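J.: My questions are about this predicted structure, shown below with the sequence.
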Amino acid sequence: MESNGKNKKSFVHRSLDWVEKVGNKMPHPVVIFIILSAITILISDLVYRSGVSVEFFDAKADETSTIAAVSLLNSDGLRYIFESAVSNFTSFAPLGTVLVTMLGVGIAEWSGLIGSALTKLIMKVPNSLLTMVIVFAGIISNIASDAGYVVVVPLGAIMFAGAKRHPIAGLAAAFAGVSGGFSANLMFGPTDALLGGITNVALNASGIDYEVSISGNWYFLIVSTVFLTIIGTLITEKIVEPHLGSYHGDFDKHETSELSLKEEKGLKNAGIALLVSLVAAFLLMNPWFGPFQSIDPETGLKTLQPFMNTGLIFMVFLLFGIPGYVYGRTTGKIQNSNDFVESMIEAMRSMAGFIVMAFFASQLIAYFTESNLGIILASTGADFLKSQKISGIPLILAFIFFAAFINLFIGSASAKWAILAPIFVPMFIAINLSPEMTQMAYRVADSSTNIISPLMNYFAMILVFMQRYDKKSGIGTLISTMLPYSIAFLIFWSILLIVWYSLNLPLGPGAPVQVSMIQPLLGLL
């Protein structure tokens with residue numbers, strides 16, 4: 001990438017150039033996934049032959065487990081490689097999420113709705129606030145589970161291109177918000193319920209009579225949203241965008257000229273269609289009589305969680321597809337059923353590269369999971385950290401950096417926390433740190449390195465989106481672009497948590513940072 005008009009680059013830019021250069025000297029990302037898969041297979045056999053195993057309490061399963069390395073080179077392992085190849089691919093979480101969402105987005109994009117809507121938005125949002133709006137939108141999108149990856153990230157690139165700024169910088173800002181800021185929001189959501197449930201199992205297993213609420217980190221999440229929005233904006237505008245330099249692609253297709261009367265009418269009709277769709281969605285999801293509510297078998301209470309996990313993506317498809325169709329009919333872009341179907345076919349054509357990459361990425365992630373290498377690494381590292389006899393703020397920081405490192409190898413936030421919570425929640429209680437504090441420290445770490453891990457489920461998809469604007473970009477380009485966000489989020493978010501702890505501020509309603517402030521736990525100190 002070019003520097004932005006300076007002959008001598010700063011140390012930061014030279015470092016990012018080196019990361020990009022080294023990364024992009026490697027083969028095509030698909031070949032890299034194949035090589036990493038082969039390395040994983042070989043390591044699994046070496047660790048298996050060494051007789052390595054770990055015993056830990058799995059808070060997700062609520063039982064003690066002994067896990068040994070599984071070889072993928074013996075007869076059972078080789079059968080697994082061949083017999084699971086198709087199911088690894090078809091069950092790869094981002095595959096269905098991305099393709100279903102892109103069908104709806106394809107209708108809206110092909111009809112011209114997205115272009116017109118962004119033109120309107122860009123004309124109203126000052127260029128000085130555009131980055132902040134994109135980062136903020138990315139952060140709050142995680143309330144809708146994984147939808148932000150396939151909606152906000154590509155839109156960030158399009159919005160930057162429409163403003164005649166480097167589209168990859170917009171993509172990076174959105175990706176940093178969606179994934180780097182995954183544990184920040186203005187409202188608690190599915191992640192809070194999932195991690196809080198695992199924390200409570202770990203507490204019960206340790207004989208501790210205390211329960212973490214879904215709102216246990218809420219206050220800190222709100223402040224983190226503002227904090228990360230500012231940090232993400234500064235990193236984009238002061239480091240990432242200057243490092244990317246000038247964009248030499250085609251800005252014309254993102255030209256933000258004045259809308260015609262027909263386009264204005266199309267936007268109005270699409271807005272009405274979207275409003276009607278949102279009202280219908282509310283009626284279907286409302287907590288009083290909504291059919292999308294189900295009964296939690298454990299609590300007997302109504303919950304929207306199953307729908308949020310599995311049904312929301314189809315709703316996103318409709319929320320893009322219906323207004324897109326209405327806009328196309330109004331402007332004349334969609335005149336018959338052939339046009340309607342063509343809009344979705346065109347969207348799938350653009351996803352061909354992702355489908356190919358997803359096949360090999362899914363195999364790598366499956367091999368790493370099947371071999372138990374991630375669990376062994378996490379459990380062994382946690383035991384080592386526990387044995388170091390450090391406490392207080394140094395222990396908090398050591399735990400954060402350890403969890404951030406482990407996150408590079410295990411993508412699932414709940415899977416890692418199920419292993420780490422039974423070890424660190426009681427351990428931190430012993431040094432006067434509340435379960436909510438331990439959980440929040442883990443969440444800071446878990447989110448910060450999402451954006452630089454090739455084992456993160458959506459990493460391959462983001463790379464495909466990036467290659468739309470720079471066909472030569474590879475894993476090195478993506479990692480070097482996202483590395484400043486990852487480092488800044490990890491450092492400054494950790495500092496924010498330490499300051500929060502030092503000031504004894506509550507993390508949420510009735511959720512202090514110290515055990516001594518929680519009456520049911522006083523007897524443990």
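T.: That came through fine. Numbering: from 1, shown residues only.

J.: Using CSV, list the CA coordinates for stretch 127-138.
T.: Extracted in CSV, the C-alpha atoms of stretch 127-138 (Å, rounded to 0.1, in the frame of the first residue of the first chain):
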residue,chain,number,x,y,z
ASN,A,127,-17.7,13.1,6.4
SER,A,128,-16.1,13.9,9.8
LEU,A,129,-18.6,11.7,11.5
LEU,A,130,-18.8,8.9,9.0
THR,A,131,-16.1,6.7,10.6
MET,A,132,-17.7,7.1,14.0
VAL,A,133,-21.2,6.2,12.7
ILE,A,134,-19.8,3.0,11.1
VAL,A,135,-17.8,1.8,14.1
PHE,A,136,-20.8,2.5,16.4
ALA,A,137,-23.2,0.7,14.0
GLY,A,138,-20.8,-2.3,14.1
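
J.: Would you map the strands across the protein?
T.: 53-58, 63-68, 294-295, 302-303 (DSSP state E).

J.: for those, which one sits closest to residue 89?
T.: Taking CB to CB, strand 63-68 is the member of the strands of the chain nearest to residue 89, at 25.3 Å. In short, each C-beta sits where N, CA and C put it, glycine included.

J.: what helices or strands is the closest one leaning on?
T.: strand 53-58, helix 373-386 (3 or more CB pairs under 8 Å, 6 or more residues apart in numbering; DSSP states H and E).

J.: How far off centre is the first one?
T.: In other words, strand 53-58. Its chain's average C-alpha position is 27 Å from that of strand 53-58, according to CA atoms, centre = their mean, to the nearest Å.

J.: Buried ones in it, by neighbour count?
T.: 54, 56, 57, 58 (16 or more other CB atoms under 10 Å).

J.: neighbours around the residue lying closest to the last one once chain neighbours are set aside, how many?
T.: Beyond its immediate neighbours in the sequence, the residue positioned closest to residue 58 (CB to CB, 6 or more residues apart in numbering) is residue 65, lying 4.8 Å away. Residue neighbour count, defined by other CB atoms under 10 Å, stands at 14 for residue 65.

J.: Residue 65: what's it in contact with?
T.: Contact analysis of residue 65 by CB atoms under 8 Å, 6 or more residues apart in numbering lists 55, 56, 57, 58.

J.: Switch the residues you listed over to JSON lines; also include pLDDT and distance to residue 344.
T.: Compiled in JSON lines, these are given as follows (pLDDT from 0 to 100; distance: CB to CB, whole Å):
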{"residue": "55", "pLDDT": "85", "distance to residue 344": "50"}
{"residue": "56", "pLDDT": "79", "distance to residue 344": "46"}
{"residue": "57", "pLDDT": "78", "distance to residue 344": "47"}
{"residue": "58", "pLDDT": "78", "distance to residue 344": "42"}
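
J.: quick revisit: would you list the strands of the chain in TSV and tack on distance to residue 437?
T.: What follows is the strands of the chain, written out as TSV (distance: least, CB to CB, whole Å):
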stretch	distance to residue 437
strand 53-58	20
strand 63-68	25
strand 294-295	32
strand 302-303	27
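
J.: Which one of the ones you listed lies nearest to residue 233?
T.: Among these, the nearest to residue 233 by CB to CB is strand 302-303 (35.3 Å).

J.: Identify all contacting residues around that closest one.
T.: 287, 293, 294, 295, 296.

J.: How confident was the prediction at residue 335?
T.: As predicted, residue 335 sits at a pLDDT of 94.

J.: nearest residue to it other than its sequence neighbours?
T.: residue 329 (7.9 Å).

J.: With residue 482 instead?
T.: Nearest to residue 482 is residue 451, by CB to CB, 6+ apart, at 4.2 Å.

J.: Spit out the contact partners of the one you found.
T.: Contacts of residue 451 (CB under 8 Å, 6+ apart): 175, 176, 179, 180, 482, 485, 486.

J.: What distance do you get for it to residue 171?
T.: Applying CB to CB, to the nearest Å, the value for residue 451 to residue 171 is 11 Å.

J.: shaky segments in the stretch 101-250 of the chain?
T.: Low-confidence segments of the stretch 101-250 of the chain, defined by pLDDT under 70: 122-123, 144-145, 190, 250.

J.: hmm, 50 instead?
T.: Filtered on pLDDT under 50, the stretch 101-250 of the chain yields no residues whatsoever.

J.: For it, which segments count as helices?
T.: Ranges of helices in the stretch 101-250 of the chain, per DSSP state H, counting those that start in this stretch, are 113-124, 127-140, 147-162, 167-175, 190-205, 218-235, 241-244.

J.: before we move on, back to that, let me know the closest of the buried residues of strand 53-58 to residue 87.
T.: Using CB to CB, residue 58 is the member of the buried residues of strand 53-58 that sits closest to residue 87, with 23.2 Å.

J.: Quick check: beta-bridge partners of that closest one?
T.: Judged by DSSP bridges, the bridge partners of residue 58 are residue 63.

J.: same check, this time on the one 10 residues further on
T.: When bridges are called by DSSP bridges, residue 68 pairs up with residue 53.

J.: so what pLDDT did it get?
T.: For residue 68, pLDDT reads 92.

J.: try residue 427
T.: The model's pLDDT for residue 427 equals 85.

J.: quick one: the closest residue to it other than its chain neighbours from residue 422, how far?
T.: Distances taken as CB to CB, 6+ apart put residue 386 closest to residue 427, at 6.0 Å, once the chain neighbours are dropped. According to CB to CB, residue 386 and residue 422 sit 11 Å apart.

J.: These two: which is more packed in?
T.: When neighbours are counted by other CB under 10 Å, residue 386 and residue 422 differ, and residue 422 comes out ahead with 24 against 14.
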